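In: model the following, please.
(one chain, ligands or ions: 1)
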Amino acid sequence: MKAVSSSSPYNLKPMLGASQPAPATARMARSSRCQWQTSCAILSSNVVSQEQSDSLSVPPVSDGVDHVAAVNGHNGAARMNLVPIEKSDSNPLVSKLHHPQKPLSMTDLSPAPMHGSNLRVAYQGVPGAYSEAAASKAYPNCQAIPCDQFEVAFQAVELWISDRAVLPVENSLGGSIHRNYDLLLRHRLHIVGEVQLPVHHCLLALPGVRKEFLTRVISHPQGLAQCEHTLTKLGLNVAREAVDDTAGAAEFIAANNLRDTAAIASARAAEIYGLEILEDGIQDDASNVTRFVMLAREPIIPRTDRPFKTSIVFAHEKGTSVLFKVLSAFAFRDISLTKIESRPNHNRPIRLVDDANVGTAKHFEYMFYIDFEASMADARAQNALAEVQEFTSFLRVLGSYPMDMTPWSPSSSTSYTSSS
Ligand SMILES: O=C(O)C(=O)C[C@]1(C(=O)O)C=C[C@@H](O)C=C1
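Out: Residues are numbered from 1 along each chain as shown. So this is what the prediction gives:
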């Protein structure tokens with residue numbers, strides 16, 4: 001059975017949708033989204049620029065949220081301790097959609113600030129986390145909203161508490177952040193951009209603490225993975241413990257006055273939590289980079305006048321056997337893939353294949369995630385996906401967005417001064 005999504009903004013046959021039921025919060029967010037999408041369609045008809053279309057999809061939210069937290073684990077929107085939803089009537093365009101008697105005027109159509117001011121951007125972690133730096137890089141002068149879990153950041157956008165979420169998906173040394181791949185599928189947000197952030201780790205401890213005193217190093221699992229060999233080279237064969245985020249590790253040491261523990265975190269975290277830098281640049285590779293994606297309730301309109309990337313996720317009832325066919329749809333059109341990831345298919349993790357003679361084979365079932373270098377406005381991408389659709393039982397476009405083409409500058413401890 002193919003799934004249908006009426007909300008696909010891309011010029012594809014209607015099958016490119018999500019077959020999984022959306023959680024209650026996502027359904028709620030979608031009802032407002034439908035309205036918004038109608039307005040975008042009226043306004044755009046392919047003449048709205050990238051930035052306009054982006055800003056049009058970002059009605060500012062007017063409540064004063066400092067930190068978003070979940071109360072009861074990560075499941076179930078109903079249990080999230082989120083601030084009540086406010087109607088976004090502060091946006092004149094949304095307001096007029098709610099009150100159709102007021103005609104739209106030219107001022108309603110003028111683009112909002114394009115590069116982040118006034119945007120609320122949810123990230124996982126506490127101030128000083130790399131995700132906060134990524135939010136500032138993506139949207140300079142934004143209001144970064146710390147969240148205690150990745151899932152909360154997704155929900156903050158769905159519930160209009162935040163306009164965007166910025167979430168890590170992969171690191172050049174530590175690999176994929178699997179949780180966010182699973183959440184991308186479970187939620188209905190759209191990828192609207194990417195940022196690649198050089199990640200420069202420091203070893204932090206309370207003032208006066210020396211390396212010899214340490215019995216433990218704590219950090220986000222990615223921080224520990226990215227510094228694994230350097231820690232050993234430094235003679236730090238001490239316990240390594242994972243915590244929720246790098247800056248949270250620094251905060252924990254400071255709050256509990258831990259003189260036997262060091263954190264792997266940014267220089268900015270040292271500044272914020274009053275720690276000293278014992279070692280600078282301890283990542284195993286100098287050019288350590290984490291890739292983050294920006295998520296919004298609405299997709300942006302894909303373009304062809306600058307490099308774009310498109311992210312998709314698909315599955316097939318016969319698992320990996322179709323993978324070669326899917327990949328060839330891109331190869332034949334000269335479309336480069338930049339990333340391929342597989343995750344368990346939580347809808348159907350195991351497929352049993354009986355063979356009367358030899359027994360039962362148990363195949364693991366996967367969801368495949370692919371990023372490719374083409375815009376959904378490019379006919380090659382549309383044709384490739386039309387072909388992919390022939391081989392897959394489920395296909396969803398997660399987003400088509402500008403590639404991060406910022407000039408390469410190796411990581412340095414000074415790169416984390418937040419501009420927000
Ligand atoms: O803990 C942080 O500071 C984060 O922002 C999270 C995170 C990650 O999840 O990969 C982000 C960038 C670095 O790769 C290390 C950790």
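In: wait, is residue 277 part of a strand?
Out: Yes - judged by DSSP: H, G, I helix; E, B strand; the rest coil, residue 277 forms part of a strand.
In: number of nearby residues for it?
Out: Residue 277: 18 surrounding residues under other C-beta atoms under 10 Å. (Each C-beta comes from the backbone N, C-alpha and C, glycine too.)
In: what bridges to it?
Out: With DSSP bridges as the criterion, residue 277 is bridged to residue 204.
In: quick check: it touching residue 270?
Out: Yes - using C-beta atoms under 8 Å, residue 277 is in contact with residue 270, at 5.4 Å.
In: which residues do these two both contact?
Out: 202, 204 (C-beta atoms under 8 Å, 6 or more residues apart in numbering).
In: now do the buried residues in stretch 310-319.
Out: 310, 311, 312, 313, 314, 315, 316, 319 (16 or more other C-beta atoms under 10 Å).
In: then stretch 274-294?
Out: Neighbour-count burial for stretch 274-294 [16+ other C-beta under 10 Å]: 275, 277-279, 281-284, 288-294.
In: tell me how far the closest residue to residue 340 other than its chain neighbours lies from residue 388.
Out: Excluding the flanking residues, the one nearest residue 340 by C-beta to C-beta, 6 or more residues apart in numbering is residue 370, at 5.4 Å. As judged by C-beta to C-beta, to the nearest Å, residue 370 and residue 388 stand 9 Å apart.
In: next, show the common contact partners of those two.
Out: 312, 314, 326.
In: who's in contact with stretch 398-410?
Out: With C-beta under 8 Å, 6+ apart, stretch 398-410 has contacts from 10, 50, 184, 190-196, 198, 286-287, 291, 293-294, 299-300, 302-303, 306-313, 369, 373, 375-377, 381, 415.
In: can I get it as CSV, trimmed to CA atoms?
Out: Only the C-alpha atoms of stretch 398-410 are listed here, as CSV (Å, rounded to 0.1, in the frame of the first residue of the first chain):
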residue,chain,number,x,y,z
LEU,A,398,12.1,15.3,4.3
GLY,A,399,13.2,18.5,2.7
SER,A,400,15.0,20.2,-0.2
TYR,A,401,17.2,23.0,1.0
PRO,A,402,20.3,25.1,0.3
MET,A,403,23.6,23.3,0.9
ASP,A,404,25.9,24.9,3.4
MET,A,405,28.7,26.3,1.2
THR,A,406,30.4,28.6,3.7
PRO,A,407,34.2,28.7,3.1
TRP,A,408,36.2,26.1,5.0
SER,A,409,37.8,27.4,8.1
PRO,A,410,39.3,24.8,10.5
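In: and residue 383, what does it touch?
Out: Per C-beta under 8 Å, 6+ apart, neighbours of residue 383: residue 333.
In: before we move on, which element is it in?
Out: helix 379-391 (DSSP states H and E).
In: partner strands of the next helix or strand after that helix and their direction?
Out: As assigned by DSSP H and E, the chain's next helix or strand after helix 379-391 is strand 394-402. For strand 394-402, the paired strands and their directions (DSSP bridges) read strand 308-315 (antiparallel).
In: ok, and what's touching the partner strand?
Out: Against strand 308-315 from outside (C-beta under 8 Å, 6+ apart): 184-185, 191, 194, 293, 302, 326, 338, 345, 365-378, 381, 385, 388, 392-403.
In: whichever of those residues end up buried, select them in PyMOL.
Out: Typed into PyMOL, the line below selects the buried ones among the contacts of strand 308-315, using 16+ other C-beta under 10 Å:
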select buried, resi 184+185+191+194+293+302+326+345+365+366+367+368+369+370+371+372+373+374+375+376+377+378+381+385+388+392+393+394+395+396+397+398+399+400+401+402+403
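In: within reach of the ligand, which of the contacts of strand 308-315 are there?
Out: By C-beta under 6 Å from any ligand atom, no member of these lies near the ligand.
In: quick one, strands of the stretch 201-350 of the chain?
Out: 202-205, 216-219, 239-242, 261-265, 276-280, 289-296, 308-315, 337-344, 350-355 (DSSP state E, counting those that start in this stretch).
In: out of these, nearest to residue 179?
Out: strand 337-344 (9.9 Å; C-beta to C-beta).
In: flag every buried residue along that closest one.
Out: Those buried within strand 337-344 under the rule 16+ other C-beta under 10 Å are 341, 342, 343.
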